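Trainee: fold the following, please.
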Amino acid sequence: MDIKILGSGCAKCKTLEKLTREVVEQNGFNATITKVEDIVDIMKYNIMSTPALVVNEKVEIKGRIPSADEIKQVLSKY
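Mentor: Numbers count the residues shown, from 1 in each chain. Predicted coordinates for the structure are as follows:
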């Protein structure tokens with residue numbers, strides 16, 4: 001599973017990255033997590049607000065910080 005955290009490096013973006021890494025570790029998901037901070041790369045995903053969680057090139061969550069349970073539910077689909 002390829003996970004990308006889209007965000008400029010703000011507090012919300014860092015929180016989403018931290019939560020996602022914790023969920024992956026706690027649940028034993030086989031995933032690669034990448035932080036994307038380049039605005040040009042972020043714009044390719046056609047989102048207007050960050051942070052965003054992208055799994056296997058599909059935008060799953062954008063513009064807010066989800067709960068750890070919500071992240072787990074999203075990742076469980078893959």
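Trainee: max-length helix in the chain?
Mentor: Longest helix of the chain, by residue count under DSSP state H: helix 11-27.
Trainee: contacts for it?
Mentor: Residues from elsewhere that reach helix 11-27 (CB atoms under 8 Å, 6 or more residues apart in numbering): 3, 5-7, 29, 31, 33, 35, 37, 50-51, 53, 64-66, 68, 71-72, 75-76. Yep, even glycine has a C-beta here, placed from its N, CA and C like the rest.
Trainee: filter these down to the ones in strands?
Mentor: Residues of the contacts of helix 11-27 located in strands (DSSP state E): 3, 5-6, 33, 35, 53.
Trainee: which among those residues gets closest to residue 42?
Mentor: Of all the ones in strands among the contacts of helix 11-27, residue 42 sits closest to residue 6, with 4.8 Å by CB to CB.
Trainee: which strand residues bridge the closest one?
Mentor: Beta-bridge partners recorded for residue 6 (DSSP bridges): residue 36, residue 52.
Trainee: worst mean pLDDT across the helices and strands of this protein, which element?
Mentor: helix 39-43 (a mean of 94; mean pLDDT, DSSP states H and E).
Trainee: give me the below-cutoff pLDDT ranges for this protein.
Mentor: For the chain, not a single residue meets the criterion pLDDT under 70.
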